[in-house]
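Novice: here are the coordinates; sequence isn't available:
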């Protein structure tokens, strides 16, 4: 009798433990969506910014910019939801510093999903972070619109909840520059690529070296360098030996500072030195060495597309310019696209927002953002040239602020 | 590949290697006397380099004047860092002291890098002097590079002379070789160690001013330099300045040639590869002279 009681007691305890474990597992697997469907609570966007570490030079003042963006949206009435009788719901951001470290970013997105219980994810940048973060969104079923994650292959992993607004997208990165090369006189015959060892930069070189060859420009060299390299003597010796008409630098701005300085020091000659990331930060670092170089700019205020006024106000209040911080457009686009998707969905409902994002078309100051089936956009960029210490848009001609100076006199 | 191209790379490698050797001198002195591996050593170069660049950009001070301001300052801070944070650890057990010094120096590395990045920004900076260049065939050497090479030679000789002819040098060598006997002979261990930590830090500050005259620095580049300095002193021998200079120059040239013949992305890794190869092939180190 005692033995039976003990056995039953053990079974009962085991059953209670099993039920408790099942309950914990169920709670852990349930998305944190306490506020979903509400017409009164703010819509909460969770994001990380690389405020410190390797990529921090690219994100100047973005935390303040994000707060100002939310303020501007809320002043204009918030996010309009049809399920709430077109009532505007305010937007609020939860922002953390991912320290430019992918593992830290993953932890923070997990935290935002489980602890902060944000409604949607926006904005992480850089392909090294954009690679590991999407699985968090997939696991929790939270739509994410990433910012400057430009490597197409990162989107082709069968994700259901992942989109991105990189500007420019790698397949269209230097589209207008190569269009310009087809029209300049004298035409360049050779090109050499100098590539920062980084996923997105390697992807840019892979796409545009093929494009160059297809356009009849012979690729006479492809050299890779690490972000730590300070002495570029060996690499520049190869450039001088190859004598290319175009030197194409595919690099983030900061790691290429000594490269640009030493190209000048070693008197490299070319028709043009093109930098895939010609930014205000680079200009501050190398100054006049940038004169005559060409690059890409995603958007400038003379192009008055939808929401251009909003972006100008946000940037003015933040105290940044598009040239100083060229990654700002993609970052703001990620916020704007998510807001438009929620408005299209008509409710703070993750599944409806997911459907609105899938192969959707969204407005931005630089033109429509059209997502393919993988969540990748088709955004292009304008070609710029440093002329008399100023940034001039030189291609395409219909929006250009100046004509290209060709061949670039400072590299002769 | 033309001879000019190879020579150009060798010239660049000698310059870079000379700067590596200067960094290693300080680390070698400190380890030889104080027996502490200062993981923040390369970060001193990064931080002082950033400070020098900011001073140049803000007030257009001459690099010589910048060095005259920064080097004594770093000497004092280095000495205080040792007395305030590292010296107290010597009272603990050897294991705790070792772990403690690693934690303190690594912590200093992280704090110095982050504070500098917050105050001055994380971007790369340098002092760009638009000096004329000398062209010999296809080889280009700037007057700045020649001046830096000359400064490296003068500094190396000065440190060598100080170590060989002064009381401080005698004491340093004595403490390096036999600390207990040195103390018995009147060399005050605490004073010598404090002075050495200051001198080692000042040496790297001097290297920093020379470094930013030709290469950019950023607050986070220090640890890579420390690893290179470790490689140099392990291969060249603790307290062996000529050995450190030779190995530093060889490392700089090796980095350049690896970049030229293999690919620039492999250059930063060569110091670690060399260190591993030499540790495997010569576990007892090189013997530069007969015992």
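Specialist: Noted; the coordinates are in hand. Since this is a predicted model, take the numbers as computed values, not measurements.
Novice: which residues of the stretch 1-150 of chain B lie near chain A?
Specialist: Within the stretch 1-150 of chain B, the positions adjacent to chain A are B:1-2, B:5, B:8-9, B:11-13, B:16, B:114, B:117, B:121-126, B:128, B:133, B:138, B:140, B:142 by Cβ under 8 Å from any Cβ of the partner chain. The way it works is simple: take the backbone N, C-alpha and C, and place the C-beta from them, glycine included.
Novice: do that again at 10 Å, thanks
Specialist: By the rule Cβ under 10 Å from any Cβ of the partner chain, the part of the stretch 1-150 of chain B lying against chain A is B:1-2, B:4-13, B:15-17, B:19, B:57, B:113-114, B:117-118, B:121-126, B:128, B:130-131, B:133, B:135, B:138-140, B:142, B:144-145.
Novice: quick one: which of those residues sit in helices?
Specialist: Among those, the members found in helices (DSSP state H) are B:4-13, B:15-17, B:19, B:57, B:113-114, B:117-118, B:144-145.
Novice: where does the stretch 1-150 of chain A dip in pLDDT?
Specialist: Counting by pLDDT under 70, the stretch 1-150 of chain A contains low-confidence ranges at A:1-37.
Novice: up against chain B, what does it have?
Specialist: Residues of the stretch 1-150 of chain A lying near chain B (Cβ under 10 Å from any Cβ): A:51, A:52, A:53, A:54, A:55, A:56, A:57, A:60, A:99, A:100.
Novice: of the ones in helices among the residues of the stretch 1-150 of chain B next to chain A, select the buried ones using a PyMOL command.
Specialist: Entered in PyMOL, the line below selects the buried ones among these, by 16 or more other Cβ atoms under 10 Å in any protein chain shown:
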select buried, chain B and resi 4+5+6+8+9+10+11+12+13+15+16+17+19+113+114+117+144+145
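Novice: give me the number of residues near residue 108?
Specialist: I'll assume chain A. Residues near residue A:108, counting by other Cβ atoms under 10 Å in any protein chain shown, number 24.
Novice: wrong one, I was asking about chain B
Specialist: If we define neighbours as other Cβ under 10 Å, then residue B:108 has 19 of them.
Novice: test my guess that it contacts residue B:85.
Specialist: Yes - between residue B:108 and residue B:85 a contact is recorded at 7.7 Å, counting by Cβ atoms under 10 Å.
Novice: quick check: neighbours shared by those two?
Specialist: Shared contacts of residue B:108 and residue B:85 (Cβ atoms under 10 Å, 6 or more residues apart in numbering or on different chains): none.
Novice: what are the phi and psi angles of residue A:382?
Specialist: phi -100, psi 150 (degrees, to the nearest 10).
Novice: now for it, how many residues are close by?
Specialist: Residue A:382, neighbours per other Cβ under 10 Å, totals 23.
Novice: quick check: beta-bridge partners of it?
Specialist: residue A:297 (DSSP bridges).
Novice: contacting residues around it?
Specialist: Counting by Cβ under 10 Å, 6+ apart, residue A:382 makes contact with A:168, A:176-177, A:295-300, A:302-303, A:366, A:393-396, A:399-401.
Novice: can you check the pLDDT for it?
Specialist: Looking at residue A:382, its pLDDT reads 90.
Novice: so which residues of the stretch 101-250 of chain B form strands?
Specialist: Here the stretch 101-250 of chain B has its strands, by DSSP state E, counting those that start in this stretch, at B:133-136, B:139-142.
Novice: each with direction, which strands does the last one pair with?
Specialist: Strands that pair with strand B:139-142, judged by DSSP bridges, come out as strand B:133-136 (antiparallel).
Novice: which positions in the strand it pairs with come out as buried?
Specialist: residue B:133.
Novice: roughly how far out does it sit from the chain middle?
Specialist: Offset of strand B:133-136 from its chain centre (Cα atoms, centre = their mean, to the nearest Å): 29 Å.
Novice: give me the residues contacting it.
Specialist: Contact with strand B:133-136 is made by A:265-267, B:4, B:7-8, B:11, B:139-146, as judged by Cβ under 10 Å, 6+ apart.
Novice: from those residues, which two are the most distant?
Specialist: The span of the contacts of strand B:133-136, defined through Cβ to Cβ, is set by B:4 and B:144 at 20.6 Å.
Novice: pretty sure residue A:207 contacts residue A:174?
Specialist: Yes - using Cβ under 10 Å, residue A:207 is in contact with residue A:174, at 8.3 Å.
Novice: list residues touching both of the two?
Specialist: Shared contacts of residue A:207 and residue A:174, counting by Cβ under 10 Å, 6+ apart, come down to residue A:250.
Novice: contacts only, for the closest residue to residue B:195 other than its chain neighbours.
Specialist: Nearest-residue entry for residue B:195: residue B:168, 6.5 Å, with adjacent residues in sequence omitted and distances by Cβ to Cβ, 6 or more residues apart in numbering or on different chains. For residue B:168, the contact set (Cβ under 10 Å, 6+ apart) comprises B:162, B:187, B:191, B:192, B:195, B:196, B:199.
Novice: could I get those residues as TSV with neighbour count?
Specialist: Formatted as TSV, the contacts of residue B:168 follow (neighbours: other Cβ atoms under 10 Å in any protein chain shown):
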residue	neighbour count
B:162	13
B:187	19
B:191	11
B:192	21
B:195	19
B:196	25
B:199	22
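Novice: mind picking the lowest-pLDDT entry from the residues you listed?
Specialist: residue B:187 (74).
Novice: so that residue sits right up against residue B:174, yeah?
Specialist: Yes - under the criterion of Cβ under 10 Å, residue B:187 makes contact with residue B:174 at 5.5 Å.
Novice: now do the contacts for the residue nearest to residue A:230 when sequence neighbours are not counted.
Specialist: Among residues not flanking residue A:230 along the chain, residue B:215 sits closest, at 4.2 Å (Cβ to Cβ, 6+ apart). Taking Cβ under 10 Å, 6+ apart, we find residue B:215 in contact with A:229-232, A:257-258, A:261-262, B:15-16, B:19, B:49, B:124, B:126, B:148, B:221.
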